[in-house]
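Colleague: sequence and computational prediction follow.
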Amino acid sequence: MSKPMTKTQLVAALADAMGSDKKTASAALDAIAAVVTREVAAGGAVTLPGLGKVACRARPERQVRNPATGETVTKGADKQVKFAIAKSLKDSVNA
């Protein structure tokens, strides 16, 4: 298994694919991240075509156990970010 692509490598690959400079590609990547963050934080969902869907789900209050002490405590309700992978990406990986 190879190492994950770094942001610098991603920006370089985006610039090459877009036929533009790294500064423009970096600004585009930062803008996409900001839009997705803002929308998901507001409780919405964002579909990234060909990649998947990023959404925020509410989790109810629940009982959890501290593994060190075995004590059961109540954990308050919170939100969790989920990413559902697009079928087209799954199919291309498994092809």
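Modeller: Right, received. Where do you want to start?
Colleague: C-alpha only now, for contacts and for neighbours.
Modeller: OK.
Colleague: what is the longest helix anywhere in the chain packed up against?
Modeller: With secondary structure taken from DSSP state H, the chain has its longest helix at helix 22-41. Judged by 3 or more C-alpha pairs under 8 Å, 6 or more residues apart in numbering; DSSP states H and E, helix 22-41 is in contact with helix 7-18, strand 45-48, strand 52-59.
Colleague: Throw those into JSON lines and include mean neighbour count and distance to Ala34, thanks.
Modeller: Converted to JSON lines, the helices and strands packed on helix 22-41 look like this (neighbours: other C-alpha atoms under 10 Å; distance: least, C-alpha to C-alpha, whole Å):
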{"stretch": "helix 7-18", "mean neighbour count": "14", "distance to Ala34": "15"}
{"stretch": "strand 45-48", "mean neighbour count": "16", "distance to Ala34": "12"}
{"stretch": "strand 52-59", "mean neighbour count": "16", "distance to Ala34": "13"}
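Colleague: got the CA coordinates for the host helix or strand of Leu89 in PDB?
Modeller: Using DSSP states H and E, Leu89 sits in helix 87-93. Provided in PDB are the C-alpha atoms of helix 87-93 (Å, rounded to 0.1, in the frame of the first residue of the first chain):
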ATOM      1  CA  LYS A  87     -20.800   3.800  -6.300                       C
ATOM      2  CA  SER A  88     -18.700   4.900  -9.300                       C
ATOM      3  CA  LEU A  89     -15.600   5.200  -7.100                       C
ATOM      4  CA  LYS A  90     -16.200   1.800  -5.600                       C
ATOM      5  CA  ASP A  91     -16.600   0.300  -9.000                       C
ATOM      6  CA  SER A  92     -13.400   1.900 -10.400                       C
ATOM      7  CA  VAL A  93     -11.400   0.700  -7.400                       C
END
